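sequence and predicted model, in that order:
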2 protein chains.
Amino acid sequence: MGEEISNKQVILSNYVKSSLKESDMSLRTSKIQLKIPSGCDGAVLVKNLYLSCDPYIIQSMRKRNVYIPSFKLDSPISGFGVSKVLDSSHPNFKTGELVWGITGWEEYSLIKDADTLFKVPDRDLPLSYYTGILGMPGMTAYVGFFEFCSPKKGETMFVSAASGAVGQLVGQLAKTAGCYVVGSAGSKEKVDLLKNKLGFDEAFNYKEEKDYDATLKRYFPDGIDIYFENVGGKMLEAALSNMRHYGRVAVCGMISQYSLEQPDGVHNLLYLLSKRIRMEGYIVSDHYHLYPKFLEMVVPLIKEEKITYLENIAEGIESAPGALVGLYFGRSVGKQVVAVARE
Amino acid sequence: MGEEISNKQVILSNYVKSSLKESDMSLRTSKIQLKIPSGCDGAVLVKNLYLSCDPYIIQSMRKRNVYIPSFKLDSPISGFGVSKVLDSSHPNFKTGELVWGITGWEEYSLIKDADTLFKVPDRDLPLSYYTGILGMPGMTAYVGFFEFCSPKKGETMFVSAASGAVGQLVGQLAKTAGCYVVGSAGSKEKVDLLKNKLGFDEAFNYKEEKDYDATLKRYFPDGIDIYFENVGGKMLEAALSNMRHYGRVAVCGMISQYSLEQPDGVHNLLYLLSKRIRMEGYIVSDHYHLYPKFLEMVVPLIKEEKITYLENIAEGIESAPGALVGLYFGRSVGKQVVAVARE
């Protein structure tokens, strides 16, 4: 038997109704053996170092959603994280190795199916990056842009939720590919960031715009070739109205729609036909075989500082509920991470 | 100067409001020289043999539409037809040759830009087929199915407006590709036709169904891999709800939406994401380079009677307005053609 120690956890206390509240979560201290139970093959026991606050987590905290399965009540929330292996019954992972993948929102986790984990391949960059630019959100941006947008040099691209973990990388990848890139975000601070630090050609605060159609016409007088869709609803409708012929819409998320009882109707799908638009949804987990190819491209761009990456790190597992609520209300600038422990 | 003879024409008298009426069109007899005017290079003067009644024509008869340009008032309607060249100033076409392509709804037409015409390549099959299965609708079916549906043997396919010129061929092509095919149509007679003559696995009368979602669940208990979209609106919404993961929606038309002031809202686009659906619109004219490849496949299938093709031929140019109204109200079974003259 291994050592039994206390394990602070973030529990889903009740399903989220409309807006996310800190009181939807609670902190609980339980006990955990720092050894894999017998008969539990293919598992790893990890110490969690960084947890990732991602918009999809909030969707899983709702009772009904069409997008992904809901979490169980009274259990720890789960999400992406960077962890250190303390014990392993999986042939690919050894004690002491660093991994990233789905883990629990707690100090220590027994991950029963370690097949879904990735080894941290490069220690030169901050470990927390594997919750973001070098992890799931980074892969989401890379796959969405290169596999679903069919970008060509000189094309115009609109990215919604552009200051998010995915959006900011998509925009920067599009700049390296020679596109003209405009992003939308929800505050002046984020708009400044997009224009002044992340290299977007233009950006606007959607909360200050009354008529998205007119807004997009202002930024794209000749139309949009690529729409990187993160929000859905009215913004999608406005983007479709402004697409150019043979445009592509990569559907990465529809965050404005997740919390609605009745999602918005999109009335102008006839444009798909008249403009020959391709609109395609994807989920990054179908594309993880591209991870090595992705690293080969992105790691040098980060090291050569050709890509900027911004993080907002909250300290301690106790700060996780507040950090997630901050993400929900768009308060965090840059990727929201929770540091549970340093290595 | 060539002979000047009388030329009966079908004129657009006023733009269509909501429903198409025969009185939106009128017959006019004008005069035409059977010779190409001097200084008019690249033209052909043709005698029209068959005219094609296609749904898109009705859309062009409306003042405002997002889909295609509107016709001019007090001018002859234009559309696809099969014609005989009486005079030519175009290097590719000779007097006496048979062609198909865009012509006027009149007995004789001066086609100023003959580049858009195709020669009739095979005289073994009825000439009227070049308005349908061997012309634009046939190519629309072929391109939509093979270029946009990515069909695999054993997959399930739903075709709306399945008894139309495009739908009936799409369904039969899908059967030759080993798919399970269900079609929707607007009358018992059409449903019988789909099931008993055109080889569809199943078919239903959408006018007798109150809940399309439940209907599609009945015919596709395991979901739809491919939706060949001809109608839009509520049927699209129901199809999206019933798509399988990695499903494809080829958007060929949205006929239920063309006449609406405010098109229906589609509320479940979040399924694009959760089910990784690809939805893509296309217009056949972008793909005419595939015409020889299409003929190579389809002509033998017709000759070997592996594909059934049904026509409804109205006699005389005077019958054209009534034939188009019949198409609009779904009265015609099989491809609606107007025979203006025999060769």
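Right, received. Where do you want to start? Numbers count the residues shown, from 1 in each chain, chains lettered A, B, ... in the order given.

in chain A, what residue is nearest chain B?
Nearest to chain B, among the residues of chain A, is residue A:265, at 1.7 Å (CB to the nearest CB). Glycine gets a C-beta too; all of them are placed from N, C-alpha and C.

what's the local residue count around that residue?
Burial measure for residue A:265: 17 neighbouring residues, criterion other CB atoms under 10 Å in any protein chain shown.

skip the chain neighbours and tell me the closest residue to it.
The shortest distance from residue A:265 to any non-neighbouring residue, by CB to CB, 6 or more residues apart in numbering or on different chains, is to residue B:265 (1.7 Å).

isn't that neighbour right next to residue A:264, touching?
Yes: shown here, residue B:265 and residue A:264 form a contact pair, counting by CB atoms under 8 Å, at 7.2 Å.

and the residue nearest to residue A:265, how close does it get to residue A:255?
Between residue B:265 and residue A:255 the computed distance is 19 Å (CB to CB, to the nearest Å).

how about stretch A:229-238: buried residues?
A:229-233, A:235-238 (16 or more other CB atoms under 10 Å in any protein chain shown).

still on that earlier bit, just list the residues touching the residue of chain A closest to chain B, thanks.
By CB atoms under 8 Å, 6 or more residues apart in numbering or on different chains, the contact list for residue A:265 reads B:264-267.

from those residues, which two are the most distant?
B:264 and B:267 (9.4 Å; CB to CB).

overlap in contacts of these two?
Common neighbours of residue B:264 and residue B:267 (CB under 8 Å, 6+ apart) are A:265, B:237.

how far away from the center of its chain is the lowest-mean-pLDDT helix or strand in chain A?
Least confident helix or strand of chain A, by mean pLDDT, DSSP states H and E, is helix A:55-60 with a mean of 90. How far helix A:55-60 lies from its chain's middle: 10 Å, per CA atoms, centre = their mean, to the nearest Å.

just checking, what packs against that helix?
On a contact count with 3 or more CB pairs under 8 Å, 6 or more residues apart in numbering or on different chains; DSSP states H and E, helix A:55-60 meets helix A:320-328.

so where does residue A:273 fall, helix or strand?
Assigned by DSSP states H and E, residue A:273 belongs to helix A:270-274.

contact partners for the residue lying closest to residue A:100 once chain neighbours are set aside?
Of all residues not flanking residue A:100 in the chain, residue A:130 sits nearest, at 4.0 Å (CB to CB, 6+ apart). Going by CB under 8 Å, 6+ apart, residue A:130 touches A:50, A:82, A:100, A:118, A:120.

how about the helices in chain A?
Along chain A, counting by DSSP state H, helices occupy A:55-60, A:136-143, A:165-176, A:188-196, A:212-219, A:234-242, A:270-274, A:291-303, A:320-328.

would you turn those helices into CSV with distance to residue B:35?
Shown next, in CSV, are the helices of chain A (distance: least, CB to CB, whole Å):
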stretch, distance to residue B:35
helix A:55-60, 69
helix A:136-143, 61
helix A:165-176, 56
helix A:188-196, 64
helix A:212-219, 48
helix A:234-242, 47
helix A:270-274, 38
helix A:291-303, 64
helix A:320-328, 75
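
quick one: which of these is nearest residue A:157?
Among the helices of chain A, the nearest to residue A:157 by CB to CB is helix A:165-176 (4.9 Å).

any idea how far that closest one is from the middle of the chain?
That offset, for helix A:165-176, works out to 13 Å (CA atoms, centre = their mean).

tell me the pLDDT of the closest residue to residue A:271 other than its chain neighbours.
Nearest non-adjacent residue to residue A:271, counting by CB to CB, 6+ apart: residue A:240, 4.8 Å away. Residue A:240 carries a pLDDT value of 98.

enumerate the residues of chain A near chain B.
Within chain A, the positions adjacent to chain B are A:66-68, A:232, A:236, A:251-254, A:257-258, A:262-283, A:286 by CB under 8 Å from any CB of the partner chain.

repeat the analysis, applying 7 Å as the threshold.
Within reach of chain B by CB under 7 Å from any CB of the partner chain, chain A has these residues: A:66-67, A:232, A:251, A:253-254, A:257, A:262-274, A:276-283, A:286.

is there a quick PyMOL command that grabs whichever of these are buried?
Buried residues among the residues of chain A next to chain B (16+ other CB under 10 Å), as a PyMOL selection:
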select buried, chain A and resi 67+232+251+253+254+257+263+264+265+266+267+268+269+270+271+272+273+274+276+277+278+279+280+281+282+283
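
so which of the residues of chain A next to chain B are in strands?
If you go by DSSP state E, the residues of chain A next to chain B have A:251, A:278-281 in strands.

in contact with the nearest residue to residue A:310 once chain neighbours are set aside, which residues?
Nearest in space to residue A:310, with sequence neighbours left out and distances taken as CB to CB, 6+ apart, is residue A:334 at 3.1 Å. Listed by CB atoms under 7 Å, 6 or more residues apart in numbering or on different chains, the contact partners of residue A:334 are A:310-312.

next one: residue A:10
Counting by CB under 7 Å, 6+ apart, the residues that residue A:10 touches are A:25, A:27, A:76-77, A:105-106, A:317, A:320-321.

filter these down to the buried ones.
Buried by 16+ other CB under 10 Å: A:25, A:76-77, A:105-106, A:317, A:320-321, out of these.

any chance of those residues in JSON lines, with pLDDT too?
Converted to JSON lines, those look like this (pLDDT from 0 to 100):
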{"residue": "A:25", "pLDDT": "98"}
{"residue": "A:76", "pLDDT": "97"}
{"residue": "A:77", "pLDDT": "97"}
{"residue": "A:105", "pLDDT": "98"}
{"residue": "A:106", "pLDDT": "98"}
{"residue": "A:317", "pLDDT": "98"}
{"residue": "A:320", "pLDDT": "98"}
{"residue": "A:321", "pLDDT": "98"}
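
rebuild those residues as TSV, extending it with distance to residue A:165.
Listed next are these as TSV, based on distance: CB to CB, whole Å:
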residue	distance to residue A:165
A:25	21
A:76	22
A:77	18
A:105	17
A:106	22
A:317	20
A:320	16
A:321	19
